[in-house]
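1. Return atomic coordinates for the entry below.
(4 chains)
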Amino acid sequence: MSRPKVAFYWCASCGGCEEAVVDLAENILPVVEAVDIVFWPVALDFKRKDVEALENRAIDVAFINGAIRLSEQEEMAKLLREKSKLVVAYGTCAYLGGIPGLANLTDRESILHYVYREAPSLAANPDTMPQEHVRMAEDGVLELPHFDDTVRTLDQVIDVDYYIPGCPPLPQLTLEAVQKILKGELPPKGAVLAPAQALCQECERNASKPERLMISDIKRVHEVIPDAKTCLLAQGLLCLGPATRGGCGALCVQANMPCTGCFGPLEPIRDFGGKALSLVASIVDSTDEKVLRECFAKIPDPAGTFYRYSLPAALLPQRRKINAR
Amino acid sequence: MPNEHNVPALPRIGVYVCHCGTNIAARVDVAAVTEYASHLPYVSVAREYKYVCSDPGQELIKKDIEELKLNRVIVASCSPHLHEHTFRLTTQAGGINPYLFQMVNIREHVSWVTEDSAAATAKAKALVRAAVQRVVFHEELAPKSYPVHPQVLVVGGGIAGIHAALTLANAAKHVYLVEREPSIGGHMAKFDKTFPTLDCAACILTPKMTAVKAHPNITLLTYSEVTRVDGFVGNYRVQVKRKPRYVEENKCLGCLECITGCVYKDARYPSEFELGLGKRKPIYVPFPQAVPLVPVIDAETCILFKSGKCPKGCVKACGDRAAINFDQKEEVLELEVGAIILATGFQTFDAGRLPFYGYGLYPNVYTSLEVERLVNASGPTGGEIVLRDGRRPKRVGIIHCVGSRDDQTNRWCSRVCCMYSLKLAHLIKERTGAEVYNFYIDMRTPGKGFEEFYQRLLDEQVHFIRGRVGEVNDWAAIPEEEGKLIIRVEDTLIGIARRIPVDMVILSVGLEPQADAAEVRKLFNITSSAEGWFLERHPKLAPVNTFSDGIFLAGCCQGPKDIPDSVAQAGAAAAEALALIDKGCVELEPNTAWIDAEHCSGCQACVALCPFTAIRFDAERRVSVLNEALCKGCGTCVAACPSGAAQQHLFLDEELFAEVEGVLA
Amino acid sequence: MGRTIRIDPVTRLEGHGRIEIFLDEKGEVNRAYLQVPELRGFEVFAVGRPAEDMPQITPRICGVCPMAHHMASTKALDALYQVEPPAAAKLIRELAYNIFMLEDHALHFFFLGGPDFVVGPRAAPAERNILGVLGKVGLEVGKRVIAMRRELRDLNTFLCGKVTHPVTGLPGGVAKGITEADRPRFGEVAARGRDFALFTLQTFEQIVLNNREYVNLIVSDTYTHRTYYMGMVDANNRVNFYDGKVRVVTPEGKEWRKFAPADYLEVIAEHTEPWSYMKFPYLRPIGWKGFTDGADSGIFSVAPLARLNAAAGMATPQAQEAYEKMFATLGGKPVHHTLANHWARIIEMVYAAERLQELANAPQLTEPNIRTLPTATPRLGIGVVEAPRGTLIHHYETDARGIIQRANLIVATQNNAARIALSVDKAARALLGKEGPADDQGLLNMVEMAFRAYDPCHGCATHTLPGGLALRISIRDPQGKLLREIRT
Amino acid sequence: MNEDFEPRIVGMFCNWCTYLAADLAGTSRMKYPPNVHVVRTMCSGRVDPQLILWAFRCGADGVLVGGCHFGDCHYQEGNHKAFRRILLLKQLLPQLGIEPERLRLEWISAAEADRLCAVIADFREQIRQLGPLRAPLEEEKMEHVPA
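-> Here you go, the predicted structure:
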């Protein structure tokens, strides 16, 4: 039979996911040989019309990374959905919105205002602002696309079959997923192609947890030099390992830094941030409001801490303006 | 995010909306709610009915389950605390698992608290919809059954506690009766006569007290207090602290020679039992009929304890029985009981809180309880009613409702003051021939023979003045008032202010919750009313039950009542306890949590959070494991579990999320 | 009249841009605009975040050069908290950073920009990619390239937790140290890295310098602009990627300014055009004079060629040798030929590799003290590094709790924005205006080459989500009517 | 303030105290605004922050969590755990543009029916002042900000 047709595309992402694919290193060759890459803008010269020319469902599997911010991204996602048997949301941006999703805490207007009116490096009294339609004296009209207030996850725009988490995903997980799919060993639709258990399960420090996992104080990473062997959460650092899907082998913890949750939540969880917050609040070992307030003051940015990678996928995915500017 | 509810076997729901006569129907448009429900997803049938809890109502449900093959049932009527159990049984009788039922509270939470019919109907609809969305996720469950300890703990040795203990003991159940005072008997032991029959309190109480002592099925623990309670219905573990009385109960014969032998030739310390009107020695029995009749040594006043030097007359007197043991230490007992009856009683209102009545200022202003001792033949004056200076009072004023029916102090009526005031009035007049004035707000005599007794006093020429007394003082305005206490009152029947000079004033103090009622409530984990009286599960249908299964109430700890009511309630409490332990096992709500090893992150947060140490970490499998027998179903581990591995039956995430969505949809 | 032209989108660059080309009556290029169509606003959603999170948040601006953002951010935190990292920490950072530079430059040469030369600008598109490169240099070499890249990235995974995106940077140090046991591994890879860099240099010299057509292309006026050049240098004015002062030289190659990172606002200003989200930095004292080069224009350039132009030399022997050779070959300093960036990039690979060897042998590298805990109250912190694509500036202002109140980021590619615009316009004029085979893939690819040489990353440049849309080229007649539009 | 705006409020009430207080309010025929729709949990400690966020997502203008007074928890310290979670959650809400006043935690014992009524009346009024939660979101989505 002919080699399975594979497409890679990136929407609103940083390119790290592409790197993750390239990081397959030697392993990329057998994969490249096993498949027929029909579309991969970042690495190969192919055109959108090549995709448009394809039969519907002609592509066996499309890996799409990045969140959705622009109409073009939405169009492309929809096109690939139409042309593909399977669509895999590749990486945390496509899966949960990712770090760019933090933009949902602000809005387009504020961004434009700051960047072109307030940024310290602007020329004195800046007066120009990019326009969606500009008539150039000599040439006619130049257009810039309108970009959205909201960053969305891929499955908020198209139907997604599988998810590969991680910022970026690990080459190994990617490889396993790809092989599964090539072999046609398809897990149930909607599955996240990573371990079902949380990071703690693969963290060697888990054994070092105390009898009672309760903390009397919360520390910010720059405030302490944590012991390199014992559980960071037990040391008062906000390690989100307990709430975060495993699969990375606890890389950050191995580097003596707390897990920030880039693999996203486990299957039963509806709202990563809400649950992670609940865990942290629960294990603070005090019934004294004053103590608690002091403790929580060490979490000056709950949204950025608990929703760092998943705001667009949260139950409340976007900041609501209390009083419009 | 991939997180779809997965709906099990296609649900077929029956919804039954209750009129509850007019209780619901008068406010909620039941027909509209039923119509609305009938169009909700998975609803096979929706009916309205006058009283769903009635037999025909329940039959209706059973029939539908069988004929329409329902696999879910919803009843929208009253509070689940009232009828959830009823309808679960109905559901079961219909042939499906009782937990495939959900109750909607559209009476207590809707029709009774809402004026606007439209709003009430809308709210009822929302709550029904929530139940429909929720019940879809209900699972088949079996109640957890546990064996019960056949023993019962009775706390408080007043008449209520005594009666409850004897009732159970006579039913061949073992009872631990705990009393913090050196003797049982409670307030009743202080009384001389009891209204309205005027039979002697001692004569009817003492036999019961001795019966308690003698009963093989009763372990009497006086001078003791409950210090810890845990476990659950049928399986309570109770810790009892026994204070040292320095006289060993098992050796003492109750000859009381030790008291005679005490170096103090005469009693010089105020007697607690006599409310300070009488005196006792450092070694004493509170009163002659005390049970157990075993003296107590008060370390505060005993010279041996104070100075270390004493000829130990008591020890000599006791001789080779050697019951006296100065080295006795506090002792802690661990009891296991299936049920607990609280009969911790009341305290009387502190008359000092109303300074304008002169209590504590004028020696001849007494509280009613003090006078009970004065008129008591075994009391400090041998039943002689005399003033502090020994004179016989010629005129006596009895002021009702002191610390009752009063916004400044206690708003409630203490129920017994009118009657005991009449009783005292009668006894005083009988024994002293004095003129007796009753100052009352309303005369309340609703009880068997009560009104007749009131009539009798009217016939005995006792004076009754209707009006709340403004003040008691000794400021004589005219010679006749010299040396007397003047009671100033507005006689509301003739509408003039009056000054009544008397020799003795009796303040009919009201009943209050015990000073430490709040601690006791927490100790036993029950609720209490705003006033501090222990709260019954239902004012009418469960008057002796509490919200904690297996803990029952008897006597005045639940609210003011007289002796017959206390005894009746004690009997009821005993019967409830008996019903519980006689069955041999209890069935508990299967609302326990469990941990799905599939998803458990092994983070161990839940281990420390569980208040009942029901969760331990299995280092082998690197997951937390929950012991269902210890889990009480609070669900705090579920709320904390960061991986969603902890879940709770009857309160599954799916169920709660669906319900919240439903009330808002 | 207006000729219809088929153009392939610009692919193989991280991030996106689009080119609008307006033709005049004669169908010749009137003006070409490079537009960058999206804006992500990292500076704006950085506000409210704890400063210590920035080294992990900002790398998501670009997954290709996350280490650059991580390091600039970490250095900004040092400044913010006024802490001096221990010696070992500094060595570890520079070590990680040079590993990254070597690996990233390699990626560009073999995967992204390189194919233009290695495979050839006129080759068919399906050839002009890594697979094509492998075809040309042979699978064995290809495997070597891939293996080298993996080795380097594995080292940084070990040092930084993750290679994309690193996590170990902290104010006053790094979270993870190196033991003596680890040291040899670094030495070995460094050695292999050096051989690899030199091999790459040879390959370039064989394939490119031995090909007159390529050399002519490099030095052709089409790819030449006389601008200022900016780059970071050490105390001896040698190229340094991790630390030092920023040096700017005139189009004649004379030192014009040398400033501490904290003073960047005195030197750099940003110009805004209504038709692009990308802001165009220029030299503030000289001012914005429009899209024109020369000493009177504030337009300057960064990235490998600019760094070499702005420095007095390289700090390591082999690199210095190659450095001299390049300038000798291309007619002395400064070199104004954009396409020379490819050569300069490889010279930097050699430097990075040699520097790696030095660092791997540095005695203090394995000292256990790798953190200085901050004590000062934070307020303002500015950090600068040389990213593969040029000078990268992170600027944070916080409240007393270290919560970001204001952030400003000027990113490598952005510093080249104005010059890239010049290049695209010039290339379009030169290559599209003339008669010729209208749909010659190679010819049109050369338009792309005009700015692929800068290895531009518009994702970085506008801190936008790259991706959005890959580059789109539109050809319009004088009335602005769209004749042709091509996009991915 | 929109006079005829009636807030939608979800009550998450502990089975042992606030839920019973609501029952008592009923049996005592006390009257309070019909805005609060009650969901019963065994303990305020079961109230998962996710559930509160879900309520807001589903259109609640306010959420009222009712638990036992400190020291009265049927399960020792469930109410303390609820307190901690809600304290931190209230720190998060403003970042999502939700006034923390829209989330209220009250200790209401089984006997305090009158307090329950007072709290509900007061909460309703407070939310009426704040206005609807969702509406502004919708509007915002529509409004086009000129660049």
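
2. quick one: pLDDT of the residue of chain D found nearest chain A?
-> Closest contact between chain D and chain A, by C-beta to the nearest C-beta, is at residue D:97 (3.3 Å). The way it works is simple: take the backbone N, C-alpha and C, and place the C-beta from them, glycine included. Looking at residue D:97, its pLDDT reads 92.

3. got it, and residue C:34?
-> At residue C:34, pLDDT is 69.

4. go on, the one 4 residues further on?
-> pLDDT recorded at residue C:38 is 59.

5. got the domain boundaries for chain A?
-> A:5-99+A:149-183, A:106-147, A:199-313 (automatic domain parsing).

6. how many other residues sit next to the residue nearest to the residue of chain D closest to chain A when sequence neighbours are not counted?
-> The shortest distance from residue D:97 to any non-neighbouring residue, by C-beta to C-beta, 6 or more residues apart in numbering or on different chains, is to residue A:320 (3.3 Å). Applying other C-beta atoms under 10 Å in any protein chain shown, we find 17 residues neighbouring residue A:320.

7. what stretches of the stretch 151-300 of chain C score poorly on pLDDT?
-> By pLDDT under 70, the stretch 151-300 of chain C has no low-scoring segment.

8. where do the helices sit along the chain?
-> The chain I'm using is chain A. Taking DSSP state H, the helices of chain A run over residues A:16-22, A:28-34, A:48-53, A:71-83, A:92-96, A:108-113, A:171-183, A:251-254, A:272-282, A:289-296, A:302-306.

9. meant chain D, my bad for not saying
-> According to DSSP H, the helices that chain D contains are D:18-27, D:49-57, D:78-92, D:113-130, D:134-142.

10. burial count for residue 116?
-> Since no chain was named, I'll use chain A. 21.

11. ah, I was thinking of chain D
-> Around residue D:116 there are 29 residues (other C-beta under 10 Å).

12. Out of the domains of chain A, name the one with the poorest average pLDDT.
-> Per-stretch mean pLDDT for the domains of chain A is lowest at domain A:106-147 (a mean of 81).

13. any idea where the helices of the stretch 51-200 of chain C begin and end?
-> C:54-57, C:66-81, C:87-107, C:115-118, C:130-137, C:139-160, C:183-204 (DSSP state H, counting those that start in this stretch).

14. report the angle between the axes of the last one and helix C:130-137?
-> Put plainly, it is helix C:183-204. Orientation of helix C:183-204 against helix C:130-137 (axes from the mean of the first three to the mean of the last three C-alpha atoms, to 10 degrees) gives an angle of 70 degrees.

15. packing partners for helix C:183-204?
-> Judged by 3 or more C-beta pairs under 8 Å, 6 or more residues apart in numbering or on different chains; DSSP states H and E, the packing partners of helix C:183-204 are helix C:87-107, helix C:139-160, helix C:317-329, helix C:341-361.

16. Could you do the first one as well?
-> Where contact means 3+ C-beta pairs under 8 Å, 6+ apart, helix C:54-57 is packed against helix C:42-46, helix C:66-81.

17. Name the stretch among these that sits most buried.
-> Mean neighbour count (mean count of other C-beta atoms under 10 Å in any protein chain shown) peaks for helix C:66-81 among the helices and strands packed on helix C:54-57, with a mean of 28.

18. Could you list the single helix or strand in chain D with the lowest mean pLDDT?
-> Lowest by mean pLDDT, DSSP states H and E among the helices and strands of chain D is helix D:134-142, with a mean of 43.

19. which residues touch residue 50?
-> You didn't say which chain, so I picked chain A. A:38-39 (C-beta atoms under 8 Å, 6 or more residues apart in numbering or on different chains).

20. Correction: the question concerned chain D.
-> For residue D:50, the contact set (C-beta under 8 Å, 6+ apart) comprises A:269-271, A:274-275, A:278, A:315, B:653.

21. Neighbours of residue B:339, how many?
-> Residue B:339 has 30 nearby residues by other C-beta under 10 Å.

22. ditto for residue C:86
-> Residues near residue C:86, counting by other C-beta under 10 Å: 20.

23. What of residue A:126?
-> 17.

24. How much space separates it from residue C:173?
-> According to C-beta to C-beta, to the nearest Å, residue A:126 and residue C:173 sit 38 Å apart.

25. go on, residue C:248?
-> 31 Å.

26. Of the two, which one has the most company?
-> Set side by side, residue C:248 and residue C:173 show more neighbours around residue C:173, with 28 against 23, by other C-beta under 10 Å.

27. residue contacts, the more buried one?
-> So, once contact is read as C-beta under 8 Å, 6+ apart, residue C:173 ends up touching C:83, C:85-86, C:89, C:370-372.

28. Buried among the residues you listed? Make that a ChimeraX selection.
-> Listed next is the ChimeraX selection for buried residues among the contacts of residue C:173, using 16 or more other C-beta atoms under 10 Å in any protein chain shown:
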select /C:83,85,86,89,370,371,372
